[in-house]
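need coordinates for the below:
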Amino acid sequence: MRCRLARNASNSSAVCEELAQIFGLFAERLRDAPGARVLVRLAQTAKRIPEPLAARLTALVIQIDDPQFIGNDIACSLFDASHCSAKCANATAFASALEKRLQRYIDNPVAANNARSDLQERAAWWRMALSKAGELSRWPALVLTNNMDNHNG
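Below you'll find the model as predicted:
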């Protein structure tokens, strides 16, 4: 996922708007997911992200300057929230966790490189699993269980 956030990172209020749109898009597309309510709550609370946090996120996004990487990080975190019971109280908590991850990527280039390849694989896996689940009208976990049974059987 290319991050729309990175295109509008020069304006911290635009960052909140973009996060609200990203959360809303995921909430709509994953409305039948077990954790869909979490995504709806993120979308509803995105405009309440404090300005200083939005400004710090803006600076980090500009500094990293890798929309694909940031987009994959956000997407995987949202998939975790919607399908894996990852806890996220509201958009401010999500943005704070994102800020910590982005800062860690800047502080530790090795961690950033490892995360970059891991997130790319995870995002691709989620896209495949959700696509296959949609085709079969089953949850991704059932699709994977069936695939593993076929490989192990």
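
residues in contact with the helix or strand harbouring R37?
Using DSSP states H and E, R37 falls within helix 36-45. With C-beta atoms under 8 Å, 6 or more residues apart in numbering as the test, helix 36-45 has contacts from 20, 23-24, 26-27, 30, 33, 78, 81-82, 88-92, 94. Placement of C-beta: from N, CA and C, glycine included.

what's the helix or strand hosting V61 packed up against?
Assigned by DSSP H and E, V61 belongs to helix 51-64. If you count contacts as 3 or more C-beta pairs under 8 Å, 6 or more residues apart in numbering; DSSP states H and E, helix 51-64 packs onto helix 12-29, helix 91-107.

before we move on, the earlier item: would you point out the most distant pair within the contacts of helix 36-45?
A33 and T92 (21.8 Å; C-beta to C-beta).

which one's more surrounded, the two?
A33 (22 against 17; other C-beta atoms under 10 Å).
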